[in-house]
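Colleague: Provided below are the primary sequence and the corresponding predicted coordinates.
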Amino acid sequence: MSRSVPLVPTRLVPPVTACALALVLTACGGTGGVHGTPGSAGVADPYFPKAGNGGYDVTHYALTLAYTPGASDTSTPLTGTATITARATQNLSAYDLDLKGMKVDALTVDGKDAPWTRTGQELTVRPPATLPKGRTFRTTVHYSGTPETITDPDGSEEGWLPTADGALALGEPTGSMAWFPGNDHPSDKASYDITITVPKGLQAVSNGELRTETTTRAGRTTYTWRTARPMATYLATLAIGHYDITRTTTKNGLPVYVAVDPQEAAASREVLAKIPEIMEWEEYNFGPYPFSSTGAIVDRRGDAGYALETQTRPFFPGAPDTATLVHELAHQWYGDSVTPRTWRDMWLNEGFATYAEWLWSEDHDGDTAQQTFDALYKGTYFDDKSDSEAIWAFPPARPTSAAHISDSPVYERGAMVLHKIRRTVGDARFYDIIQGWAASHRYGNADTEDFTAYVEKAAPGKDFSGIWKNWLYGDGKPAHA
């Protein structure tokens, strides 16, 4: 599904020189003769070509937000200031940020007013002078308005989702640009400080660790969350509403912060109590946990149409079952810490997390991974025949379009690829591979070619060509299981 985005009127911050206004490929002086070119609008992702931007690498987002749910007396329920620290990767005369909707009220680069224009989701910034390659710079954007709910190509909704008592911000694959400007592509990860002020009585839950909680004189409460480890924009989250908050720790002292809508508290209690057990099991199988806290956010059923692996604190629409909790927590290793380089590589997220469900079942008196594999291959795993056939619609490493990056081949057939590797190398070497993969690419990005090369290097003498050809890249159902 294509999206049509209205043009937003140009706004220039006075005073503006003729040099700054010129839409040329080279910047005017001001940096000792250094000339620059604009960074690209989009990073040429195979499914979301407009996502992300070239010319710089973000290292930190500092977001200061204020939100009033259901504010009928104001046209700006959300106000925000985003300070984006980045490093220029080329001599940069202009660069883009992704921001859909919202009104930009002011913008500075390193404290100086900078002109900017908007077209669709592209907020184009023209710094007062060329930013030399290697230079660290800060862009501060003041913005306000009503954040948008974005409909994905597959029909699901993300971005800013109003709820009965607040809102949810969910970002996969491109929803983060609805509530803050940034380099909205998984290939550019950064640390975050998110400060959010809401009416007293509401909670605001995000990623990482809660740093401060202060009630102001005006009857509003401010929460400050910090995520020190690199995080892709699509994994950033914000949940505003009424929550029952539980703070515990695992056996090794890892903080567990759980926020549950009161309507879901009773139904969630038993399964969420398993978080320490699941974390211990996943660390045993996948290696050391890559982050400094864990937990969950459980909102009401219907507030969103899916669970999501938001970093450190997965989101669930209603009480999850154990398998779903295992799946989303496994993503902390595979997807959150080791993040896909492009959206074509989604099976490295979903295939791993789905296989984690199979392994949990195998270790907890359920079906073995082999039994699950066989049922999927024979077409007896799902009750609906069409679901069984959907597994073979396309190869996991080559979804047919943006509308299908979260379809069954990416999940189930992706997990089948991992099981084929396990059968080829044996259990001991297989667990070395999946732990080593998580460790060697921790906090970074990787693609399918990186993974296949890693597996071949980790198991010399083994032939994986049939797995890659028939299961990972091949069309249709392989002739042999």
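Modeller: Nice, I can see it.
Colleague: OK, contacts around Y192?
Modeller: H60, Y61, A62, L63, N207, G208, W225, R226, T227, M231, A236 (Cβ atoms under 8 Å, 6 or more residues apart in numbering). No exception for glycine: its C-beta is placed from N, CA and C like everyone else's.
Colleague: burial measure for the third one, as a count.
Modeller: Yep, that's A62 we're talking about. The local packing of A62 (other Cβ atoms under 10 Å) involves 17 other residues.
Colleague: Tell me where this protein is predicted with low confidence.
Modeller: Counting by pLDDT under 70, the chain contains low-confidence ranges at 1-33, 71-75.
Colleague: ok, which stretches of it are helices?
Modeller: For the chain, applying DSSP state H gives helices covering 18-21, 265-272, 275-286, 322-330, 347-363, 369-378, 385-390, 408, 414-425, 427-440, 448-458, 465-466.
Colleague: now for the second one, which elements pack on it?
Modeller: Helix 265-272 is packed against strand 255-260, strand 294-299, helix 322-330, with contacts defined by 3 or more Cβ pairs under 8 Å, 6 or more residues apart in numbering; DSSP states H and E.
Colleague: Mind putting the ones you listed into CSV with distance to R247 and mean neighbour count?
Modeller: Converted to CSV, these look like this (distance: least, Cβ to Cβ, whole Å; neighbours: other Cβ atoms under 10 Å):
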stretch, distance to R247, mean neighbour count
strand 255-260, 6, 20
strand 294-299, 9, 25
helix 322-330, 17, 22
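Colleague: Can you check which of the ones you listed gets nearest to L78?
Modeller: Of all these, it is strand 294-299 that lies closest to L78, at 18.3 Å by Cβ to Cβ.
Colleague: Direction included, what does the closest one pair up with?
Modeller: Here strand 294-299 is paired, per DSSP bridges, with strand 255-260 (parallel), strand 315-317 (parallel).
Colleague: A51: which of those strands is closest?
Modeller: strand 315-317 (20.9 Å).
Colleague: Run the chain-centre distance for the closest one.
Modeller: Centroid displacement of strand 315-317 relative to its chain, using Cα atoms, centre = their mean, to the nearest Å, is 14 Å.
Colleague: same deal with stretch 59-69?
Modeller: Here the centre of stretch 59-69 is set off from its chain's centre by 17 Å, with Cα atoms, centre = their mean.
Colleague: same question, stretch 227-239
Modeller: A distance of 7 Å separates the centroid of the chain from that of stretch 227-239, by Cα atoms, centre = their mean.
Colleague: With only the CA atoms kept, save that stretch in CSV.
Modeller: C-alpha atoms of stretch 227-239 as CSV (Å, rounded to 0.1, in the frame of the first residue of the first chain):
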residue,chain,number,x,y,z
THR,A,227,18.4,3.8,27.8
ALA,A,228,22.2,3.7,27.8
ARG,A,229,22.7,0.9,25.3
PRO,A,230,22.1,1.6,21.6
MET,A,231,18.5,1.3,20.5
ALA,A,232,16.9,1.4,17.1
THR,A,233,14.1,4.0,16.8
TYR,A,234,11.5,1.4,16.1
LEU,A,235,12.1,-0.1,19.5
ALA,A,236,11.5,3.1,21.5
THR,A,237,8.2,3.1,23.3
LEU,A,238,6.0,5.2,25.5
ALA,A,239,2.9,4.0,27.4
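Colleague: Buried residues in that stretch, which are they?
Modeller: For stretch 227-239, the neighbour count (16 or more other Cβ atoms under 10 Å) marks T227, R229, P230, M231, A232, T233, Y234, L235, A236, T237, L238, A239 as buried.
Colleague: again with stretch 206-214
Modeller: For stretch 206-214, by 16+ other Cβ under 10 Å, it's S206, N207, G208, E209, L210.
Colleague: And for stretch 213-223?
Modeller: Buried residues in stretch 213-223 (16+ other Cβ under 10 Å): R220, T221, T222, Y223.
Colleague: Return the residues in contact with the nearest residue to D450 once chain neighbours are set aside.
Modeller: Excluding its sequence neighbours, the residue lying closest to D450 (Cβ to Cβ, 6 or more residues apart in numbering) is H441, at 7.3 Å. Applying Cβ under 8 Å, 6+ apart to H441 gives the contacts S337, V338, D450.
Colleague: if I look at H441, how far off is Y454?
Modeller: Going from H441 to Y454 by Cβ to Cβ, to the nearest Å gives 8 Å.
Colleague: D261 too?
Modeller: Per Cβ to Cβ, D261 is found 41 Å from Y454.
Colleague: neighbour-wise, which of the two wins?
Modeller: Per other Cβ under 10 Å, whichever of D261 and Y454 has more neighbours is D261, with 25 against 16.
Colleague: Give me the phi and psi angles of the more buried one.
Modeller: When quoted as degrees, to the nearest 10, the phi and psi of D261 stand at phi -60, psi 130.
Colleague: Next up, the contacts around it.
Modeller: Contact analysis of D261 by Cβ under 8 Å, 6+ apart lists G241, H242, Y243, D244, V298, D299, R300.
Colleague: Enumerate the positions of stretch 168-181 that are buried.
Modeller: Buried-residue list, stretch 168-181, by 16+ other Cβ under 10 Å: 168-181.
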